[in-house]
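Engineer: build the 3D model from these lines:
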Amino acid sequence: MTSLSFIDSGFLLTESHHSPKHVAGLQIFRLPRGKGPAWLRKLLDDMKQAPPGFPFNQRLKPGTAIQAELEFDDHFDIDYHVRHSVLPYPGNDEQLLDVAARLHANLLDRERPLWEFHLIEGLSDRRFAFYTKVHHCLCDGVTFGHWYNASSSLSADEKNTPPIWRLDDGPRNEEENLSYAQMMVEGVKMLGGGVKTALGISVLSAKLVQRRFFDGDLNIALPLSAPKTPLNVATGAARNLTIRQYPLDEFRAIAKSQKVSINDVVMTLCDLAVCRYFENMGGAPEGPMIAYMPVDLRAEGESEDGNLISLIQVKLASNHTDPLASLQQIKKSSRAAREVFFSASRPAIQYYAMIVALLSLFEEGLRLDRFLPPVTNMVISNVPGSPEKLYFRGAEAVGMYPVSTLPPMTALNVTACSYAGTFYFGLVSGKTAIPDLKKLTDYLDEIVAELKELAGV
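Structural biologist: Residues are numbered from 1 along each chain as shown. This next block holds a predicted model:
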């Protein structure tokens, strides 16, 4: 039996029907030369013969409360978890996104292992797709990316690549037969660690307040300081999903010319596109928006799976008339946030982020949004992927789109993933909050073109 950490369990505690807590990926492949639907269906049959490894063979232990535990599922049903859909001919990307959006809106069954895999065939140009979703309590985007890479190969000649659920990371911690004395020692360690973490959270909070008010750093974002926008509503269960892709070299060139990071470019692109969307809808935000920026807390060379990310609040641009000035402003905000947060311990950063996230949950559950400003306006994330072309049993991966989750009272998540020289964007929104999400992606295209021109790319 395996115990989830309190951070991992937090994704279960904060889940609701309107706010599912799973992450997903939409991989698009092209059939190998000379292969057709028969090959694809045989592929699915062969994949179903692969038994699941850890954590794909684990379900939640019934009766666990605050800190969840996993146990082996004795009644695992591969046909429940691995499913097959066929798009009406001729299948296009919009049909694929409609199917993926509906699948993404549904909660995972907590009485079974917390994942689903869908093979979707029928796309034009000899393409098919894998849509895979896994509960956030089991992994973050970085871990999910590692699993994707491990269930792929670098050669089209490799025909025995394991499906993603066949991977076996091994349990993160196993129950041991501890003596009473050992249990006492472990309890003291946990208590000491808890006191140290609580102190770290207090110090981090104090540093944010000092930096913002006493040092006068306007680049620092504090909780409950975001402007009210149409994004900050209870989203409902339905989801919209759109995708975009851009050459990665263009983002590198913009970043190099302006002496910023690629992540700064992504943040600026999203900020400008969302503000332009609101302006054309007749209601620009009053003041700079606040974005959640997930950051990987793993040290260089560390490959531990699970959830080792935190959500840092970053203040976006206040002036949107000059895109390059906006880019520099977001660079300063991002640096300021990182300086403060990364001066704290990893547990303090994670628990602080969870406390802030709970504020949004309380706002939604208690309808406090009528009196309080939002905690954040949207989520903007950048996940590294494989720099090399990947294959699955001879089929070339031609698209790698992240499909992430929405926090409470936050109706937009934009996640980018680099893969084989291309930047793939997945945009997820509450369907009622942003019914025309495709229009927002049109503004992304406009802003990318403007940034390239202004930066001389």
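Engineer: which residues of this protein fall in helices?
Structural biologist: 6-13, 37-48, 78-81, 93-105, 141-150, 180-209, 248-258, 262-280, 323-341, 346-365, 437-455 (DSSP state H).
Engineer: could these go into CSV alongside mean pLDDT?
Structural biologist: As requested, these are exported to CSV (pLDDT from 0 to 100):
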stretch, mean pLDDT
helix 6-13, 82
helix 37-48, 95
helix 78-81, 97
helix 93-105, 95
helix 141-150, 87
helix 180-209, 57
helix 248-258, 96
helix 262-280, 93
helix 323-341, 91
helix 346-365, 74
helix 437-455, 94
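Engineer: please identify the most buried of those helices.
Structural biologist: helix 262-280 (a mean of 22; mean count of other Cβ atoms under 10 Å). All C-beta spots, glycine's among them, are computed from the backbone N, C-alpha and C.
Engineer: and the angle for that helix with helix 437-455?
Structural biologist: 120 degrees (axes from the mean of the first three to the mean of the last three Cα atoms, to 10 degrees).
Engineer: other SSEs contacting helix 262-280?
Structural biologist: If you count contacts as 3 or more Cβ pairs under 8 Å, 6 or more residues apart in numbering; DSSP states H and E, helix 262-280 packs onto helix 248-258, strand 290-296, helix 323-341, strand 378-383, strand 412-419, helix 437-455.
Engineer: out of the ones you listed, flag the one nearest Phe425.
Structural biologist: strand 412-419 (5.0 Å; Cβ to Cβ).
Engineer: parallel or antiparallel, which strands does the closest one pair with?
Structural biologist: Partners of strand 412-419 in the sheet, by DSSP bridges, are strand 378-383 (parallel), strand 422-430 (antiparallel).
Engineer: tabulate the CA atom coordinates of the longest one in PDB.
Structural biologist: In this case it means strand 422-430. Taking Å, rounded to 0.1, in the frame of the first residue of the first chain, the C-alpha atoms of strand 422-430 are listed here in PDB:
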ATOM      1  CA  THR A 422       7.600  23.000 -32.500                       C
ATOM      2  CA  PHE A 423       5.700  24.700 -29.700                       C
ATOM      3  CA  TYR A 424       2.300  23.100 -29.200                       C
ATOM      4  CA  PHE A 425      -0.300  25.100 -27.300                       C
ATOM      5  CA  GLY A 426      -3.400  23.600 -25.700                       C
ATOM      6  CA  LEU A 427      -6.100  26.000 -24.500                       C
ATOM      7  CA  VAL A 428      -8.800  24.800 -22.100                       C
ATOM      8  CA  SER A 429     -11.700  26.900 -20.900                       C
ATOM      9  CA  GLY A 430     -15.000  26.800 -19.200                       C
END
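Engineer: quick check: angle from it to helix 248-258?
Structural biologist: Using the same axes, to 10 degrees: strand 422-430 against helix 248-258 is 90 degrees.
Engineer: does Lys438 touch Leu241 like I think?
Structural biologist: No. Counting by Cβ atoms under 8 Å, Lys438 does not reach Leu241; the two are 10.1 Å apart.
Engineer: who does Tyr292 form a beta bridge with?
Structural biologist: Beta bridges link Tyr292 to Gln313, Val379 when assigned by DSSP bridges.
Engineer: and it, what is it in contact with?
Structural biologist: Residues near Tyr292 by Cβ atoms under 8 Å, 6 or more residues apart in numbering: 311-314, 376, 378-380, 407, 410.
Engineer: put the buried members of these into a PyMOL selection.
Structural biologist: In PyMOL syntax, the buried subset of the contacts of Tyr292 is picked out as below (16 or more other Cβ atoms under 10 Å):
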select buried, resi 311+312+313+314+376+378+379+380+407+410
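Engineer: looking at the contacts of Tyr292, spot the one nearest Leu60.
Structural biologist: Looking across the contacts of Tyr292 and measuring by Cβ to Cβ, the closest to Leu60 is Pro407, at 21.6 Å.
Engineer: so what's the closest one closest to, chain neighbours aside?
Structural biologist: Closest residue to Pro407 apart from its sequence neighbours, by Cβ to Cβ, 6 or more residues apart in numbering: Ser360 at 5.5 Å.
Engineer: what sits against the one you found?
Structural biologist: 374-376, 407-410.
Engineer: stretch 339-357: how far from the chain's middle?
Structural biologist: Put simply, stretch 339-357 sits 18 Å off its chain's centre (Cα atoms, centre = their mean, to the nearest Å).
Engineer: how is the chain partitioned into domains?
Structural biologist: The chain is divided into the following domains under automatic domain parsing: 2-166, 190-383+408-414+421-455.
Engineer: among these, which is nearest Tyr391?
Structural biologist: Closest among the domains of the chain, using Cβ to Cβ: domain 2-166, at 4.8 Å.
Engineer: and the spatially closest residue to Asn106 that is not a sequence neighbour, what pLDDT?
Structural biologist: Distance criterion Cβ to Cβ, 6+ apart; nearest residue to Asn106, sequence neighbours excluded, is Pro20 at 7.3 Å. At Pro20, the model reports a pLDDT of 89.
Engineer: Pro20 reaches Arg110, doesn't it?
Structural biologist: No. Applying Cβ under 8 Å, one finds Pro20 not in contact with Arg110, separated by 11.4 Å.
Engineer: pick out whichever of the two has more residues nearby.
Structural biologist: Pro20 (22 against 14; other Cβ atoms under 10 Å).
Engineer: so who does that one touch?
Structural biologist: 104-108, 237, 405.
Engineer: quick check on it: phi, psi?
Structural biologist: phi -60, psi 150 (degrees, to the nearest 10).
Engineer: measure Lys389 to Gln95 for me?
Structural biologist: In this view, Lys389 and Gln95 are 26 Å apart by Cβ to Cβ, to the nearest Å.
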